[in-house]
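Q: have a look; sequence and predicted model below, questions after that.
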Amino acid sequence: GNEETARVVAGARFASRTELWARVLETQQRVTGGVAEGHDAFFLFALLSCHPAASEKMAPGARAIGYDTNVEYPDTKSFFVERADGTRQGFSARKCVDEIYSGLGDSQGVLTFSRVACGASDKPSQPAPQSPDRREPRPKREEVPGCHVELSGLEGQAVPYGVIKAEVSKIAPVRFVDVNEDDGTAMLACDLPASASKIADELKEIDGAACEAVVLEPAREEAYKKEAAARRDERRAAQRDRGDFGHNRKGGGGKGGGDFHNCYGPASGK
């Protein structure tokens, strides 16, 4: 990798932002539902030290770190740090990576020591000018092929979104569940292809209803992502027209429904 983009976190060298993010996802998979131990804990604490609000997250002292249900958003999961007083605080690994790769994340120069120790530049980047009425865009999620699973066989079963997500999450973490009650199908999205494959192999029924889960072929996956993005843009445009942008985000089903708040919204800590 280019030496200008190489970073060192917890003693490990990462040649690019994508490589570092892949390590974050691997760690998430290993510690899901619990507390990290050994080198995983060392890595996550090093990562957290680069968060813009690291001091507030860890005060009055930290004793554990892991990945589990977010205390502020109980229907989602995120990385968390357990403080010395027993409270838990969720945090966004994405923000930590953005600070380490400040040229891509518009860093404000926070926590200089931790960032420089990782190999980041100490020079704050210059954010692109924005018109005052536009929101700052979220960092683009790294897309990995083979992460979408199509769930079928639930026609007429009236299995609610919450039950589907809860059952699937017992097998592997999912970013979102997009339910289509009209034809008894749902689309599941994972962060890792291994999670998608595990769901396809192990998911045989939901709430007593037999179902089939299949990892999407590349062409179908790309088509679905384009369809989903178009529907999401239409929904956001409609919300802006109504003046209620940011409210009533939770879909539940129906043609073109789905919970895109959990997929693309702030559901992974702060």
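A: That came through, no problem. Numbering: from 1, shown residues only.

Q: where does the stretch 51-200 of the chain have low pLDDT?
A: Scanning the stretch 51-200 of the chain with the threshold set as pLDDT under 70 gives 103-143, 156-158, 181.

Q: what do you get if the cut-off is 80, keeping everything else the same?
A: 102-144, 154-162, 180-184 (pLDDT under 80).

Q: so where do the strands sit in it?
A: According to DSSP state E, counting those that start in this stretch, the stretch 51-200 of the chain carries its strands in the segments 62-69, 77-83, 88-91, 148-152, 176-180, 185-189.

Q: now these as CSV including mean neighbour count and distance to A200?
A: Bear in mind the C-beta positions are built from the backbone N, C-alpha and C, glycine included. Below are the strands of the stretch 51-200 of the chain laid out as CSV (neighbours: other CB atoms under 10 Å; distance: least, CB to CB, whole Å):
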stretch, mean neighbour count, distance to A200
strand 62-69, 18, 22
strand 77-83, 22, 21
strand 88-91, 22, 29
strand 148-152, 21, 6
strand 176-180, 23, 15
strand 185-189, 23, 9
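
Q: right, and the ones you listed - which one's nearest A237?
A: strand 176-180 (18.7 Å; CB to CB).

Q: related to what we said a few turns ago, and of the strands of the stretch 51-200 of the chain, who's closest to Q239?
A: strand 176-180 (17.7 Å).

Q: pairing partners for that closest one, with directions?
A: If you go by DSSP bridges, strand 176-180 pairs up with strand 185-189 (antiparallel).

Q: the partner strand versus strand 148-152: what angle between them?
A: Counting by axes from the mean of the first three to the mean of the last three CA atoms, to 10 degrees, strand 185-189 lies at 160 degrees to strand 148-152.

Q: chain center to strand 185-189: distance?
A: 16 Å (CA atoms, centre = their mean, to the nearest Å).

Q: i'd like the first residue to be 20 from this point on
A: Renumbered: residue one is now 20, and that last one reads strand 204-208.

Q: quick one on the thing from earlier: could the strands of the stretch 70-219 of the chain go into a markdown table alongside distance to Y243?
A: Formatted as a markdown table, these follow (distance: least, CB to CB, whole Å):
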| stretch | distance to Y243 |
| --- | --- |
| strand 81-88 | 27 |
| strand 96-102 | 23 |
| strand 107-110 | 29 |
| strand 167-171 | 6 |
| strand 195-199 | 9 |
| strand 204-208 | 6 |
